[in-house]
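*Asks:* Make a model of this:
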Amino acid sequence: MTTALAAAPFMRRAADHLGMPVRLYRVVGALEVAGVAGLLTGLTWVPLGVAAAIEPSRPPSWPCSP
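*Replies:* Residues are numbered from 1 along each chain as shown. The predicted structure is shown next:
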């Protein structure tokens, strides 16, 4: 668990310093945990790791301008 997700006192001060609500800072912590879970899953389950490596290199499937 990250300190942002746990809303440790020093992270509350950091969120206040950055002008972020503590709730949003906790969301960032949850996304960090989800990212680690995805990374570990991708390392242990090869098809997901390959898909994750290929996806960012694909061009977007929708036009960027009208």
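
*Asks:* mind saving the C-alpha coords of the strand or helix carrying residue 53 as CSV?
*Replies:* Using DSSP states H and E, residue 53 sits in helix 46-54. The C-alpha atoms that make up helix 46-54 are tabulated as CSV, following Å, rounded to 0.1, in the frame of the first residue of the first chain:
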residue,chain,number,x,y,z
VAL,A,46,3.1,-13.3,-21.1
PRO,A,47,0.1,-12.6,-23.4
LEU,A,48,-0.9,-9.6,-21.3
GLY,A,49,2.7,-8.4,-21.2
VAL,A,50,3.0,-8.6,-25.0
ALA,A,51,-0.3,-6.8,-25.5
ALA,A,52,0.8,-4.0,-23.1
ALA,A,53,4.0,-3.6,-25.0
ILE,A,54,2.4,-3.5,-28.4
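
*Asks:* Remind me what it packs against, helices and strands.
*Replies:* For helix 46-54, the elements it packs on are helix 22-44, judged by 3 or more Cβ pairs under 8 Å, 6 or more residues apart in numbering; DSSP states H and E. Heads up, the C-betas are built off the backbone N, CA and C, glycines and all.

*Asks:* For the helix it packs on, C-alpha coordinates in CSV please.
*Replies:* Extracted C-alpha coordinates of helix 22-44, given in CSV (Å, rounded to 0.1, in the frame of the first residue of the first chain):
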residue,chain,number,x,y,z
VAL,A,22,-6.5,14.5,0.0
ARG,A,23,-9.2,12.4,-1.7
LEU,A,24,-7.6,13.1,-5.1
TYR,A,25,-4.2,12.2,-3.7
ARG,A,26,-5.7,8.9,-2.5
VAL,A,27,-6.9,8.3,-6.0
VAL,A,28,-3.4,8.8,-7.3
GLY,A,29,-2.2,6.2,-4.7
ALA,A,30,-4.9,3.7,-5.9
LEU,A,31,-3.7,4.2,-9.5
GLU,A,32,-0.1,3.5,-8.4
VAL,A,33,-1.2,0.2,-6.8
ALA,A,34,-3.2,-0.7,-9.9
GLY,A,35,-0.1,0.1,-12.1
VAL,A,36,2.1,-2.2,-10.0
ALA,A,37,-0.6,-4.9,-10.2
GLY,A,38,-0.7,-4.6,-13.9
LEU,A,39,3.0,-4.6,-14.2
LEU,A,40,3.4,-7.8,-12.1
THR,A,41,0.5,-9.5,-14.0
GLY,A,42,2.2,-8.6,-17.3
LEU,A,43,5.5,-10.0,-16.1
THR,A,44,3.9,-13.3,-15.1
